[in-house]
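[1] got a predicted structure here, sequence first:
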Amino acid sequence: MAEYPNTFDLVIASVQETQYDGPVLAATLPGSEGEMTIMPHHEAFVTTLKPGTITVRIMGGETRTFSIENGVLECSNNRVVVLL
């Protein structure tokens, strides 16, 4: 569970490696139906991702980006898992 009330846990992983695993303020992803931004306590859902960039806002104002070719996203219980 996320350590801070205004964050959620995010995991971005493939079979080869985990690219990110930790709390975030928000994540913007290239959904198959268009770009989406996930915030803490988002409604549960599952969707596919298309090629593009994941932008993650971390506490302290830091932003990190991850280029992806495709993937699947699951959002539930204030946790988001992206499988690439």
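    All right, it came through fine. Bear in mind the structure is a predicted one, so any value in this text is a computation, not a measurement.
[2] list the contacts of residue 19.
    12-13, 66, 84 (C-beta atoms under 8 Å, 6 or more residues apart in numbering). C-betas here are computed from N, CA, C, even on glycine.
[3] did I read that right, it in a strand?
    Yes. Residue state for residue 19 (DSSP: H, G, I helix; E, B strand; the rest coil) corresponds to a strand.
[4] what separates it from residue 33, distance-wise?
    23 Å (C-beta to C-beta, to the nearest Å).
[5] kindly report the same for residue 53.
    Taking C-beta to C-beta, one finds residue 53 at 17 Å from residue 33.
[6] neighbour count winner among these two?
    Neighbours were counted for residue 53 and for residue 33 using other C-beta atoms under 10 Å; residue 53 has more, 12 against 8.
[7] could you pull out the strands for this protein?
    Assigned by DSSP state E, the chain shows strands spanning 8-13, 18-24, 26-31, 34-38, 45-49, 52-57, 63-68, 71-76, 79-83.
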